[in-house]
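S.K.: Test case, fold it:
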Amino acid sequence: MGRVLALSMAFAAGLMMSIQPAVNASLGRKVGVLEGALISFIVGTLALIFIVFVFGRGNVMDIKEVPWYLLTGGLMGVFVVTTMILIIPVVGSGIGAITILTGQMMMAMIIDHYGLLGVPKIPFDMNRLLGIVLLFVSMRLIIGRL
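M.R.: Numbers count the residues shown, from 1 in each chain. This is a model prediction of the structure:
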């Protein structure tokens with residue numbers, strides 16, 4: 001996969017990450033918060049089953065060889081989706097998005113700096129520090145008064 005395609009897909013995923021919480025929050029208001037999260041994951045699971053069946057090239061049975069901590073991604077997804085269903089009706093999509101993005105970027109830079117979880121090691125530098133500072137300024141401006 002080329003860099004331009006990868007960045008385009010990341011941008012599209014970012015657009016969807018802004019739509020998804022609002023969709024899930026609306027679902028949660030109709031069926032209940034936890035029930036909305038469950039329905040969201042069931043629909044996603046069914047989609048992934050189809051995608052794996054049609055396009056999959058790996059082996060699900062290799063799960064036996066995977067370290068336990070690599071299985072926590074689904075739990076993290078449950079926390080993120082459920083949290084967004086809870087907070088979007090309280091703070092709105094924009095504030096929810098900038099707050100989660102700020103936390104996401106901070107952790108991503110820690111992961112990059114140390115090369116954790118097999119990602120390329122990208123040292124923290126002054127440009128990244130400035131980016132984080134500006135992200136916090138953006139978050140504060142978007143949130144406004146607490």
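S.K.: how far away is Trp68 from Leu117?
M.R.: As for Trp68, its distance to Leu117 is 13 Å (criterion: Cβ to Cβ, to the nearest Å). C-beta: built from backbone N, CA, C; applies to glycine.
S.K.: Equivalent analysis for Ile51, please.
M.R.: Distance from Ile51 to Leu117, by Cβ to Cβ: 23 Å.
S.K.: Where is the longest helix in the chain?
M.R.: Counting residues, the longest helix found in the chain (DSSP state H) is helix 3-31.
S.K.: Tell me which other helices or strands that helix touches.
M.R.: helix 33-55, helix 73-91, helix 93-114 (3 or more Cβ pairs under 8 Å, 6 or more residues apart in numbering; DSSP states H and E).
S.K.: where does this structure dip in pLDDT?
M.R.: Nowhere does the chain drop to pLDDT under 70.
S.K.: follow-up on the earlier one: in the longest helix of the chain, what counts as buried?
M.R.: Within helix 3-31, the residues scored as buried using 16 or more other Cβ atoms under 10 Å are Ser18, Gln20, Pro21, Ala22, Asn24, Ala25, Leu27, Gly28.
S.K.: relative orientation of that helix and helix 33-55 in degrees?
M.R.: Between helix 3-31 and helix 33-55, the angle comes out at 140 degrees (axes from the mean of the first three to the mean of the last three Cα atoms, to 10 degrees).
S.K.: Show me how far helix 3-31 is from its chain's centre.
M.R.: 9 Å (Cα atoms, centre = their mean, to the nearest Å).
S.K.: Equivalent analysis for stretch 131-146, please.
M.R.: With Cα atoms, centre = their mean, you get 19 Å for stretch 131-146.
S.K.: Buried residues, that stretch. List them.
M.R.: Here stretch 131-146 shows Leu135, Met139 as buried, counting by 16+ other Cβ under 10 Å.
S.K.: what's the answer for stretch 105-117, then?
M.R.: Buried residues in stretch 105-117, counted by 16+ other Cβ under 10 Å: Met109, Asp112.
S.K.: which outside residues touch it?
M.R.: Contact with stretch 105-117 is made by Val119, Pro120, Lys121, Ile122, Pro123, Phe124, Arg128, Gly131, Ile132, Leu135, as judged by Cβ atoms under 8 Å, 6 or more residues apart in numbering.
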